[in-house]
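Visitor: quick one: sequence and predicted model below, then my questions.
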Amino acid sequence: MAEPFDVSRLLAIPPFWWESLPSAALAPEALESFPRLRLDLATLRLLEAEAEGASPTLIVAPYAVHDAAIADFAPGHSLARVLLDGGAAPLALVSWKSASPQMRDFGVDACLSDLNVAIDDLGGRVALVGLCQGGWLAALYAARFPAKVARLALAGAPLDLKAGASDITRALALSPPALISAAVAMLGGRVFASSRLVGADTDYDAASALQGEPDAALREKFAQWRARTLTLPGRFFLETTEWLFRENRLAENRFPALGRLCGLRDVIAPARLLAAREDQVVALSQATALPQAQTQIVEGGHLSLFMGEATLREHWPAIARWLAEGAGRLASARAKR
């Protein structure tokens, strides 16, 4: 059962501790499929795979608890490798930065702005693959800049938060906005995973996330990934908490995005949704709330959508081919101009 956040336990934390926590930023060389750092922006690093193709595909990793290795975890558990093998190339990845003290006032607009710069640098039109909380950001971007998104694939993305209940929405129902704002202020304007404000981290072990019986090396790699956490800008966290999870503005077409109110009805790109039946982080009904999209429901939990051997083998290759097909059509249209 979800519990409200106990803000009183932050009172004993000395202010200097907020400024001394180490950054958890992921080094570009840590991801095997993305050897090249293409851009280094205020909120994100744009990593690039060495592959040729007609039109880029861009993975938007979650800006939440853990780093972008969720998209390229290990051989046999790499979404990036499945997409490359399926022809969705060239391929790039948004790896969000852990927030420094100077980033505390960065909000959703700062992330959208840097995402827009990254997409312009990739040629100005991409296929977007959004994972979990990277999925709602990708959907919001597709709503704000419809001409720049050729196709949209979302997995485990919170889209309509009133369509169902999850661990996060149940916890928010017990935590008044003023309480959360006060907690963020006491944390110095940033949100650390250790504060427990970042929502429900999954309790999945390596076997359920990776779907199988991983060996000792994979279990250790998974434990190290879970131990690496991102610090979030306080403003981004508060906007996400209130505008997305509590007020449901994305589904109700009133989410502020770089000067305009946008929402799911503004998404015109062909879309595919992938959702897990046993997902406790994003409820099935929350992740399947884009009526115009092709929807596929798979067995498993949240992390298995991105890391699970069976899900990657059985379901993502078709999505990769669909993305590649869209890129091929785009290249053909450009050639005829």
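Guide: In hand now; what should we look at?

Visitor: return the helix or strand in this protein with minimum mean pLDDT.
Guide: Lowest on mean pLDDT, DSSP states H and E among the helices and strands of the chain sits helix 15-20, with a mean of 38.

Visitor: now the helix or strand hosting A275: average pLDDT?
Guide: Here A275 sits within strand 271-276, counting by DSSP states H and E. Per-residue pLDDT over strand 271-276 has a mean of 98.

Visitor: for the stretch 151-300 of the chain, what are the low-confidence residue spans?
Guide: By pLDDT under 70, the low-scoring segments of the stretch 151-300 of the chain are 194-204.

Visitor: can you show me the strands along it?
Guide: 190-191, 232-233, 255-257, 260-262, 271-276, 294-298 (DSSP state E, counting those that start in this stretch).

Visitor: and the fourth one, which strands flank it?
Guide: Strand 260-262 has its sheet partners listed here by DSSP bridges as strand 255-257 (antiparallel).

Visitor: which other residues reach the strand it pairs with?
Guide: Under the contact criterion CB atoms under 8 Å, 6 or more residues apart in numbering, strand 255-257 has outside partners 108-109, 112, 140-141, 143-144, 243-244, 249, 261-263. C-beta: built from backbone N, CA, C; applies to glycine.

Visitor: export the residues you listed to CSV and tack on neighbour count?
Guide: Formatted as CSV, those follow (neighbours: other CB atoms under 10 Å):
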residue, neighbour count
V108, 23
D109, 15
L112, 20
L140, 29
Y141, 27
A143, 24
R144, 23
W243, 18
L244, 22
R249, 21
L261, 14
C262, 25
G263, 21
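
Visitor: widest-spaced pair of the residues you listed?
Guide: Spanning the widest gap among the contacts of strand 255-257 are D109 and G263, at 15.8 Å by CB to CB.

Visitor: pop out the phi and psi values for V60.
Guide: Here is the backbone geometry of V60 (degrees, to the nearest 10): phi -100, psi 110.

Visitor: what's the neighbour count on it?
Guide: When counting by other CB atoms under 10 Å, one arrives at 32 neighbours for V60.

Visitor: that one and A127 touch, don't they?
Guide: No - using CB atoms under 8 Å as the test, V60 is too far from A127 to be in contact (11.1 Å).

Visitor: burial check on R277, number of neighbours?
Guide: The number of residues packed near R277 is 10, by other CB under 10 Å.

Visitor: tell me which of the strands of the stretch 151-300 of the chain is the most buried.
Guide: Ranked by mean neighbour count, the strands of the stretch 151-300 of the chain are led by strand 232-233 with a mean of 28 (mean count of other CB atoms under 10 Å).

Visitor: returning to that earlier point: what strands line up against the strand holding A275, and which way round?
Guide: Short version: by DSSP bridges, strand 271-276 pairs with strand 149-155 (parallel), strand 294-298 (parallel).

Visitor: beta partners for V298?
Guide: Beta-bridge partners recorded for V298 (DSSP bridges): A276.

Visitor: wait, it sits on E278?
Guide: No - assessed by CB under 8 Å, V298 is found out of contact with E278, at 9.7 Å.

Visitor: give the contact list for the residue nearest to Y63 when sequence neighbours are not counted.
Guide: Leaving aside its sequence neighbours, Y63 sits nearest to W96 (CB to CB, 6 or more residues apart in numbering; 4.3 Å). Contacts for W96 (CB under 8 Å, 6+ apart) come out as T43, L44, A61, P62, Y63, D67, A68, C111, L230.
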